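J.: All I have is the shape, not the residue letters:
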């Protein structure tokens, strides 16, 4: 279907679009067992907002337009935008060594601020939240950002890293003299009109939603406990609603004075070497980038415990789409809603990178081995027929399907369904497989099979 402008959406009547989207959101929430969800579509001339259900399935508290949902990694966009505002004020340059502001990175002198924001620093993901719960930012970074754990030369690859954003948050604190929470509030949340909410709030100032998971034994929904470590706040501690994300999206595409036009454009500019694989088509210094119908959308996806939140914005048309949901099934709901937006408006909102055309699967026995990202171990083993399977930290092995372009799919053992998994890398000198990127995270090969 050809690209449709925001003006065309308005001509189709915001009230009719609102009712159609409300009907679909209500139905899809039931289908995907999502207690509550909120969709906001800003066409550039009108905002269509629909919400449904409950913020907490246990109490029955209504999910309203003001309900804030744990954003997970969408928090990183706020952190990155704060760093850009500091750069715009002349307090730093994105190509400065990050260690100039974060002394725990002195073992990695080539890592720049831009590398941190674009996940091209070669940093491991970071320890799990339970392990990090009682540590400080300084200890977290000193233990994670070491030369021996570096995944690749800074700028030579992409590996999604919470540790990089812990470092970015520490940088914000170093430059401003405020806590990360105070700085993001002053630089972004208040100018955007967003009532701040954080995972550690004991008495939140606005309605908040809890995440939900499905009890596999009974099929009932149950509240999910958020376990993000305090030190990881710059990577995932914010809560917000879909209308709040729409306000952020407007700023990211130059429709708000909160971000100067040049700053917004820079956030949307692809960083060389940032190849995010299954996460997006490209990556800027803080934003995922998606190519759809000849246009580039920007945004981010985020999942906390039992929540799923998504932001997309397209600068040429001015269209912004934001979604928040409070259950794991909300990711599938979001994808279905995006399909409905295409049907109802003609606008195709990208939910994933453009599909690759890779041909037929090929044998790839040389992929077998053990790979490591920080403390996380990826093991690829071959069965008797030579077919590879991947296990992470000893979990259930998932079959892999490999292709000649070094990409691979993960196979659901129950259904046989293939999902894009990642990409193998060869050492440019030896030609041997030395890394694998799975779901946007790179692991360095430490031994062969």
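T.: Done, it's in. Model, not experiment: these values are computed from the prediction. Numbers count the residues shown, from 1 in each chain.

J.: what's the span of stretch 63-83 from first residue to last?
T.: Using CA to CA, to the nearest Å, one end of stretch 63-83 lies 32 Å from the other.

J.: what does stretch 219-228 give?
T.: Termini of stretch 219-228 sit 26 Å apart (CA to CA).

J.: At which residues are the strands of the stretch 101-250 of the chain located?
T.: 211-214, 221-224, 239-240 (DSSP state E, counting those that start in this stretch).

J.: Now distance to residue 303 and mean pLDDT too, for those, in TSV please.
T.: No exception for glycine: its C-beta is placed from N, CA and C like everyone else's. Formatted as TSV, the strands of the stretch 101-250 of the chain follow (distance: least, CB to CB, whole Å; pLDDT from 0 to 100):
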stretch	distance to residue 303	mean pLDDT
strand 211-214	9	94
strand 221-224	11	93
strand 239-240	14	98
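
J.: wait, which of those is closest to residue 317?
T.: strand 239-240 (23.3 Å; CB to CB).

J.: Which residues does that closest one contact?
T.: 68-71, 74, 194, 197-199, 201, 204, 208-209, 309, 324 (CB atoms under 8 Å, 6 or more residues apart in numbering).

J.: circling back to that earlier point, include mean neighbour count when you put the strands of the stretch 101-250 of the chain into CSV, please.
T.: Rendered in CSV, the data for the strands of the stretch 101-250 of the chain read as follows (neighbours: other CB atoms under 10 Å):
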stretch, mean neighbour count
strand 211-214, 21
strand 221-224, 18
strand 239-240, 29
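
J.: For residue 176, which of the ones you listed is the nearest?
T.: strand 239-240 (21.2 Å).

J.: Distance of residue 189 relative to residue 81?
T.: 11 Å (CB to CB, to the nearest Å).

J.: Neighbour count: the two, which is higher?
T.: Remark: of residue 189 and residue 81, residue 81 carries more neighbours, 25 against 22, as counted by other CB atoms under 10 Å.

J.: is it true that that one lies in a helix?
T.: Yes - under DSSP: H, G, I helix; E, B strand; the rest coil, residue 81 sits within a helix.

J.: which residues touch it?
T.: Contacts of residue 81 (CB under 8 Å, 6+ apart): 187, 188, 248, 251, 252, 259, 263, 267, 286.

J.: avg pLDDT for the helix or strand the fourth one falls within?
T.: In other words, residue 251. Taking DSSP states H and E as the definition, residue 251 sits inside helix 242-252. Averaging pLDDT along helix 242-252 yields 98.

J.: Going by neighbour count, which residues in that helix are buried?
T.: 242, 243, 244, 245, 246, 247, 248, 249, 250, 251, 252 (16 or more other CB atoms under 10 Å).

J.: likewise stretch 423-432?
T.: For stretch 423-432, a neighbour-count test (16+ other CB under 10 Å) marks 423, 424, 425 as buried.

J.: out of the residues you listed, which are inside strands?
T.: Counting by DSSP state E, the buried residues of stretch 423-432 place 423, 424, 425 in strands.

J.: Run through the bridge partners of the second one.
T.: In this case it means residue 424. Under DSSP bridges, the beta-bridge partners of residue 424 are residue 436.

J.: again, but for residue 295
T.: Listed by DSSP bridges, the beta-bridge partners for residue 295 are residue 292.

J.: One more: residue 325?
T.: In this entry, residue 325 is beta-bridged to residue 37, residue 308, by DSSP bridges.
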